[in-house]
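Colleague: Sequence plus the predicted model coming up.
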Amino acid sequence: MREPVYNTKGQITGSIEFGTLIKRNVDPERHQLRKPPAYAIDKAHLDRLIEVSGSGVEINTINGEVLTAPVSEFLSNGIHIERGDGMQVALPLNRWHVRDTYQFSLW
């Protein structure tokens, strides 16, 4: 099951897939917040994820990093911000689990 999510301009910015909000091809230079250092998602997307009993958020960057965080992190440590693109919830970088998709193990 895949449900697209849209920004305030009507553009698809990700999808909810099997209980996870997934954002692909994220460019850290454009999308990572500097102050505070964080990634933000639209509050409406977080609300929809909770509505469908979703479990977390996954961000796939263009440089091969995959960041994941459970919904509970957004609820307990998220920062509500409004910077001209609608209400968002920013999660500081130190609250994300980060892995490099280019790393793998043979064991």
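Modeller: Now that the structure is in, tell me what you want to look at.

Colleague: where exactly do the strands run in the protein?
Modeller: Taking DSSP state E as the test, the strands found in the chain are 2-6, 12-17, 20-26, 38-42, 56-61, 65-70, 79-82, 87-92, 97-100.

Colleague: Identify the bridge partners of residue 42.
Modeller: residue 88 (DSSP bridges).

Colleague: thinking it is in contact with residue 14, fair?
Modeller: No. If you go by Cβ atoms under 8 Å, residue 42 and residue 14 don't touch, sitting 9.1 Å apart. Heads up, the C-betas are built off the backbone N, CA and C, glycines and all.

Colleague: Between those two, tell me which one has more neighbours.
Modeller: Shown here are residue 42 and residue 14; by other Cβ atoms under 10 Å, residue 14 has more neighbours (24 against 20).

Colleague: OK, contacts around residue 28?
Modeller: 61-63, 65 (Cβ atoms under 8 Å, 6 or more residues apart in numbering).

Colleague: between the residues you listed, which has the most around it?
Modeller: Most neighbours among those, by other Cβ under 10 Å: residue 61, with 21 neighbours.

Colleague: Output the below-cut-off pLDDT ranges for the protein.
Modeller: 101-107 (pLDDT under 70).

Colleague: 50 - rerun?
Modeller: 105-107 (pLDDT under 50).

Colleague: I'd like to know how many residues surround residue 17.
Modeller: Count around residue 17 with other Cβ under 10 Å applied: 14.

Colleague: Which one of the strands of the chain lies nearest to residue 49?
Modeller: Closest to residue 49 of the strands of the chain is strand 20-26 (Cβ to Cβ; 4.9 Å).

Colleague: tell me which residues in stretch 26-44 are buried?
Modeller: Using 16 or more other Cβ atoms under 10 Å as the test for burial, stretch 26-44 gives 26, 32-33, 38-43.

Colleague: cool, and stretch 91-103?
Modeller: Residues of stretch 91-103 classed as buried by neighbour count (16+ other Cβ under 10 Å): 91, 95-96.

Colleague: where do the contact lists of residue 42 and residue 14 overlap?
Modeller: residue 5.

Colleague: quick one: residue 13 and residue 5 touch, right?
Modeller: Yes. Assessed by Cβ under 8 Å, residue 13 is found in contact with residue 5 at 6.0 Å.
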